[in-house]
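Undergrad: Just need the structure, nothing else, for what follows:
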Amino acid sequence: MKISKQQWSGIEETLKSGLLVKFTYQGQKVGVRRMAISETKLAYVVLAGDVPLMGCFKEGESRYHPLSNVFLRKRTINPHASTVRRLSAQRGGKTFLKRKDYRYLTEERIEVTDSFFPTARTVVSHFRKIEGLEVIPESVPGTRNGGAG
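TA: Okay, the predicted model is just below:
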């Protein structure tokens, strides 16, 4: 059963309150919860069973989970961004970065897999794109009894 817009807003509010929201995907249970990832930082973590999905493990490694490809978001970053910002602030830095020999500093991109979501909105917008995802109604207050309304 497809998740309605009203259910997605309920899921977002439940996530913001810190409760665990459970989903099923191809017969496997997946949950999302807000957790402390450092001493002062909270983020939303995707759990497969009771184990958090981590984006740092690649195929073939023993701790790799195949659901990581589906539930964790990928983004491209420039690994030299801090160097570029520092150089462009200096006199003649922008001209320096445009030279053929140093152009790689601004053009190089790598794809990284984020293990954490910064906000509940990013969780909802990413999970909306996943085909075949179903919410377990008992995990979201207000969506019991089928959750249509």
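Undergrad: Report all helices and strands that the lengthiest strand in the chain contacts.
TA: In the chain, taking DSSP state E as the definition, the longest strand is strand 28-36. Identification of packing neighbours for strand 28-36 by 3 or more CB pairs under 8 Å, 6 or more residues apart in numbering; DSSP states H and E yields helix 5-17, strand 21-25, strand 42-48, helix 120-127. Where you see a C-beta, it was placed from the backbone N, CA and C, and this is true even at glycine.
Undergrad: can we see that at 7 Å?
TA: Applying 3 or more CB pairs under 7 Å, 6 or more residues apart in numbering; DSSP states H and E, one finds that strand 28-36 contacts strand 21-25, strand 42-48.
Undergrad: Could you pull up the mean pLDDT of the first one?
TA: For strand 21-25, the mean pLDDT works out to 90.
Undergrad: One more: the longest one?
TA: When pLDDT is averaged over strand 42-48, the result is 91.
Undergrad: what about Glu13, how many residues close to it?
TA: Using other CB atoms under 10 Å, Glu13 has 14 other residues around it.
Undergrad: any idea how far the closest residue to it other than its chain neighbours lies from Ile11?
TA: Nearest non-adjacent residue to Glu13, counting by CB to CB, 6 or more residues apart in numbering: Ala120, 7.9 Å away. Distance of Ala120 to Ile11, given as CB to CB, to the nearest Å: 8 Å.
Undergrad: Could you do Gln28 as well?
TA: Applying CB to CB, the value for Gln28 to Ile11 is 18 Å.
Undergrad: And these two? Which one has more around it.
TA: Ile11 (24 against 12).
Undergrad: contacting residues for the more buried one?
TA: Ile11 makes contact with 21, 124, 135, 140, according to CB atoms under 7 Å, 6 or more residues apart in numbering.
Undergrad: Kindly supply the ChimeraX command isolating those of these that are buried.
TA: Here is the ChimeraX selection string for the buried members of the contacts of Ile11, based on 16 or more other CB atoms under 10 Å:
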select :21,124,135,140
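Undergrad: Lowest pLDDT pick from the contacts of Ile11?
TA: Within these, lowest confidence goes to Val140 (78).
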